[in-house]
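Engineer: Sequence below, structure please.
(chains A and B)
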Amino acid sequence: MGHVTTEPISPGALVALVAAPECGGTCLFLGTVRDGPKDGGVTGIEYTAYEAMVDAEFERILAEARRQWPDARVAVRHRLGLVPTEEASIGIAAAAPHRGEAFAACRYVIEAVKQRIPVWKKELRTDGSALWVDPQGRPAVVGPE
Amino acid sequence: MVRLRFLARYAELLGREEAMLDVPLPATVADVVRRVRDEIPGGERLPERPMAALNLKHVRLDAAVGDGDEVAFLPPLAGG
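Structural biologist: Okay, the predicted model is just below:
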């Protein structure tokens, strides 16, 4: 199964993918679309991706996590298309014999995602505007960099 | 011949998502960038040093490009 979906992410399904009798700790991370006080009225985010590379890069990241935490089991889903405010754009579940490995593997994957997964987002605002968002979270200037 | 992919904002800036480009070999990704900027309509809107991927892997601009390769230009990533 690929690591991207246009459907809502099911935390329960992700946890079920990593559940195992030998795992005593499971860490679940959800990244959700935010409309904070400084975000200017975000109704949703449109996620686009270089899909073939997303799957390839996720496989590399998960392989790295397996090498570092061999007893951990990790699953990840990134949602594409329109994701409304409060819904999850990414879900990561990591299960391991003990909580330390589960937290560490989960943290490793989300930080690698931020650095390496080729996904982009366009914020949709209540005023009808749509703006590409840069990695620091600011709307991107339209035009050549 | 290399296949070019322009992603997200770069696709909007250039008005296209894909292109084929004849590149004399040996060549690097930086050579491909120069030819895009010189030869493809709107190509000057691509930054001089964009993030790039070669055959679905992140690469530096000095990576060697071969016939049949796919070179993708990636705006600053914003996943997660």
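
Engineer: what's near enough to touch A:Glu51?
Structural biologist: By C-beta atoms under 8 Å, 6 or more residues apart in numbering or on different chains, the contact list for A:Glu51 reads A:4, A:80. The way it works is simple: take the backbone N, C-alpha and C, and place the C-beta from them, glycine included.

Engineer: Quick check: B:Ala63 vs chain A, distance?
Structural biologist: B:Ala63 sits 15 Å away from chain A, going by C-beta to the nearest C-beta, to the nearest Å.

Engineer: I'd like the distance between A:Glu51 and chain B.
Structural biologist: 10 Å.

Engineer: per-residue pLDDT, the residue in chain A positioned nearest to chain B?
Structural biologist: Nearest to chain B in chain A, going by C-beta to the nearest C-beta, is A:Val119, at a distance of 3.1 Å. Looking at A:Val119, its pLDDT reads 97.

Engineer: didn't it look like it was pressed against A:Leu80?
Structural biologist: Yes. Using C-beta atoms under 8 Å, A:Val119 makes contact with A:Leu80 at a distance of 7.4 Å.

Engineer: pretty sure A:Ala19 is touching A:Ala96, no?
Structural biologist: No. With contact defined as C-beta under 8 Å, A:Ala19 does not reach A:Ala96; the gap is 11.5 Å.

Engineer: what about these two, which has more around it?
Structural biologist: Neighbour count, other C-beta atoms under 10 Å in any protein chain shown: between A:Ala19 and A:Ala96, A:Ala96 has more, with 26 against 13.

Engineer: For the more buried one, give me phi and psi.
Structural biologist: phi -150, psi 170 (degrees, to the nearest 10).

Engineer: so it bridges to which residues?
Structural biologist: As for beta bridges, A:Ala96 partners with A:Gly25 under DSSP bridges.

Engineer: list the contacts for it?
Structural biologist: A:Ala96 neighbours (C-beta under 8 Å, 6+ apart): A:23-26, A:69, A:71-73, A:102, A:105.

Engineer: Show the residue spans covered by the helices in chain B.
Structural biologist: Using DSSP state H, the helices assigned to chain B run over residues B:9-14, B:29-39.

Engineer: related to what we said a few turns ago, what is in contact with A:Val119 and A:Leu80 at once?
Structural biologist: With C-beta under 8 Å, 6+ apart as the test, A:Val119 and A:Leu80 both reach A:47-49.

Engineer: give the contact list for the closest residue to chain A within chain B.
Structural biologist: Closest to chain A within chain B is B:Gly79: 3.1 Å, counting by C-beta to the nearest C-beta. Taking C-beta under 8 Å, 6+ apart, we find B:Gly79 in contact with A:47, A:49, A:54, A:78, A:90, A:113-114, A:117-121.

Engineer: switch to 7 Å and redo it
Structural biologist: A:78, A:113-114, A:117, A:119 (C-beta atoms under 7 Å, 6 or more residues apart in numbering or on different chains).
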